[in-house]
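K.L.:
Please work out how this folds:
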Amino acid sequence: VEFTLEVYSALASEGKNSEEEKGRQVTNWLSTTMLGKPGHLAWMKVAVNINGDLNSKMVKGIAGSELPAAAKDIYAGDCLRPADVRGYHVTELSLFRSNFNVMTACAGMYRGVAVATVCTDHDKP
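P.N.:
Residues are numbered from 1 along each chain as shown. This next block holds a predicted model:
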């Protein structure tokens, strides 16, 4: 199952946003898509970010994704979160090896580049 998610920023009717209106724009979205029937549910989270001139244009963010064709494939490729993530901010959007999507950043006083990489085997960090 393939899908595309589009999110648009808002633009005042005058065609220009004030600084206050610009500051109220939500630029980072997280959508959860669920498919299923009673007793069986598949879900996927997709992140969409809006970047651009929020003062004088309506800006569009687009993200695409797909669910596996067979339900048994949904959980066959999961990675696990490491036991210790102290010093990092971690947002797991998808732990599927086929669609791995994890956002990381250094926390607090830490500096550097935080990187998340896909696991090499099912049920491994």
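K.L.:
the helices in this structure, which residues?
P.N.:
Using DSSP state H, the helices found in the chain span residues 19-23.
K.L.:
Kindly provide the distance from the nearest residue in space to Met103 that is not next to it in sequence to Arg111.
P.N.:
Among residues not flanking Met103 along the chain, Thr91 sits closest, at 4.3 Å (CB to CB, 6 or more residues apart in numbering). C-beta: built from backbone N, CA, C; applies to glycine. Applying CB to CB, to the nearest Å, one obtains 19 Å for the distance of Thr91 from Arg111.
K.L.:
what's the answer for Leu93, then?
P.N.:
In terms of CB to CB, Leu93 sits 24 Å off from Arg111.
K.L.:
neighbour count winner among the two?
P.N.:
Each of Leu93 and Arg111 has its neighbours counted (other CB atoms under 10 Å); Leu93 has more, 19 against 6.
K.L.:
isn't that one right up against Leu30?
P.N.:
Yes - counting by CB atoms under 8 Å, Leu93 touches Leu30, with 7.1 Å between them.
K.L.:
Overlap in contacts, these two.
P.N.:
Listed as contacting both Leu93 and Leu30 by CB atoms under 8 Å, 6 or more residues apart in numbering are 45-47.
K.L.:
List just the nearest of those residues to Lys57.
P.N.:
Nearest to Lys57, judged by CB to CB, of the shared contacts of Leu93 and Leu30 is Ala47 at 21.6 Å.
K.L.:
ok, the closest one - contacts?
P.N.:
Applying CB under 8 Å, 6+ apart to Ala47 gives the contacts 28-31, 63, 93, 101, 103.
K.L.:
6 Å instead?
P.N.:
Going by CB atoms under 6 Å, 6 or more residues apart in numbering, Ala47 touches 30, 93.
K.L.:
One more: the one 5 residues further on?
P.N.:
Listed by CB under 6 Å, 6+ apart, the contact set of Gly52 reads Val59.
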